[in-house]
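> Below are the sequence and a predicted model for it; my questions follow.
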Amino acid sequence: MQVTVHVAKTHLSKLIDAALSGEEVVIAKGRKPVVKLVAIPQSKFQIGLLKDELGGPGPDFFEPMSEDDLAAWEGGK
């Protein structure tokens, strides 16, 4: 669907709904197409999505490092 800027201003909500339903919406200045209105893909973010697939518990980052690990991080070993 192609509409003029004036029509787009008047019917923006309807044009957004059309784009969300997969329709291509083009806005034109006069007869020249200048902008395409497209929906942004929505994804659901889920915490812990792979928790059962990654194995046992991960490291406890709040525990102090061992002396050997600390020396390795500081470039000692």
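Received the coordinates, thanks.
> C-alpha coordinates for the worst-scoring helix or strand of the chain on mean pLDDT, CSV please?
The helix or strand of the chain with the lowest confidence, counting by mean pLDDT, DSSP states H and E, is helix 67-73 at a mean of 88. Only the C-alpha atoms of helix 67-73 are listed here, as CSV (Å, rounded to 0.1, in the frame of the first residue of the first chain):
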residue,chain,number,x,y,z
GLU,A,67,45.7,-17.6,45.3
ASP,A,68,46.7,-19.4,42.1
ASP,A,69,43.8,-18.0,40.1
LEU,A,70,44.5,-14.5,41.4
ALA,A,71,48.1,-14.8,40.5
ALA,A,72,47.2,-15.9,37.0
TRP,A,73,44.8,-12.9,36.5
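> Going by contacts, tell me the helices and strands next to that helix.
Applying 3 or more CB pairs under 8 Å, 6 or more residues apart in numbering; DSSP states H and E, we find helix 67-73 packed against no helix or strand. (C-beta placed from N, C-alpha, C; glycine too.)
> can you pull out the helices in the chain?
For the chain, the helices defined by DSSP state H cover 5-10, 12-20, 67-73.
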